[in-house]
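Enquirer: here's my sequence, what's the structure:
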Amino acid sequence: MNVTNQVLQQKEVLSPEWLHIHDGRTVSYGAQQLWYTDKRKRLSGCGPTAASNLLWYLKATRPELCSGFYDGDGTDQSGMLRFMEEVWHDVTPGIFGMSRASSFIKGVLSYAAKKDISLKARLLKVPLLVRRRPGKKEALDFLRSAFTDNLPIAFLNLSNGGVRNLDSWHWVTLVSIREDMQAMIYDQGCKKMIDLGQWLAAPGLGGAFVVLEPDK
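Expert: Got it, this is the predicted structure:
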């Protein structure tokens, strides 16, 4: 029997190294909510942490439009933590975290406005009912479009749908997607490959995908 090896096409951000954060000894893949010094922020800070990743990436890759976001170095842990503390003031979780994409978007647009930067958001909602969710093609097209434009994605999942290496009620940062819906996330300093196809099809509470870009 002849077996044909299929090369799976992958879309990804062009400069993931901007999200590789150094502390002098190790590299963290994206910011970590555990860096916050306040206990409440460490427990509920995944939303503002993901927002910080997206905003820093815009600043690093689009300095002509987004340099005003921050005057520090987000590839250094102490520098990124200072940025995370700034972002927290606008992207502020409630007592149970940040469970709505609308709150995430409202917060980041507020932060950007204070910096005199105009942003807009792309949003793909994933409802609770599986039959109302976007299909694989719609989701894949949305994610690929963001990566084609060199934009990372904030991913909210309210329950992990049986994807064992994905925490429930959590925001992470997506940096690549393959056509078989295997996606690379940055989560708590680690790189993880997760099965988004399984997540979309599994019963659960749903979530959302959010992309930020300059509103030229």
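Enquirer: where does this protein have low pLDDT?
Expert: Where the chain drops to pLDDT under 70, the residues are 1-7.
Enquirer: make it 50
Expert: Within the chain, the segments meeting pLDDT under 50 span 1-5.
Enquirer: show me what the helix of greatest length in it packs onto, helices and strands only.
Expert: Secondary structure of the chain per DSSP state H: the longest helix is helix 46-61. Packing contacts for helix 46-61, counted by 3 or more CB pairs under 8 Å, 6 or more residues apart in numbering; DSSP states H and E, involve helix 63-66, helix 77-88, helix 101-114, strand 153-157, strand 170-178, strand 207-214. Every C-beta, even on glycine, is put in place using the N, C-alpha and C of the backbone.
Enquirer: can I get it in CSV? Just the C-alpha atoms.
Expert: This file holds the C-alpha atoms of helix 46-61, laid out as CSV (Å, rounded to 0.1, in the frame of the first residue of the first chain):
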residue,chain,number,x,y,z
CYS,A,46,-4.7,35.5,32.6
GLY,A,47,-6.8,38.0,30.6
PRO,A,48,-4.5,41.0,31.1
THR,A,49,-1.5,38.8,30.6
ALA,A,50,-2.8,37.7,27.1
ALA,A,51,-3.7,41.4,26.4
SER,A,52,-0.1,42.4,27.3
ASN,A,53,1.3,39.8,24.9
LEU,A,54,-0.9,41.1,22.0
LEU,A,55,-0.2,44.8,22.8
TRP,A,56,3.5,44.3,23.2
TYR,A,57,3.7,42.4,19.9
LEU,A,58,1.9,45.3,18.1
LYS,A,59,4.4,47.8,19.7
ALA,A,60,7.4,45.7,18.6
THR,A,61,6.2,44.9,15.1
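Enquirer: now do that helix: distance to the chain's middle.
Expert: Using CA atoms, centre = their mean, to the nearest Å, the distance from the centre of helix 46-61 to the centre of the chain it belongs to is 8 Å.
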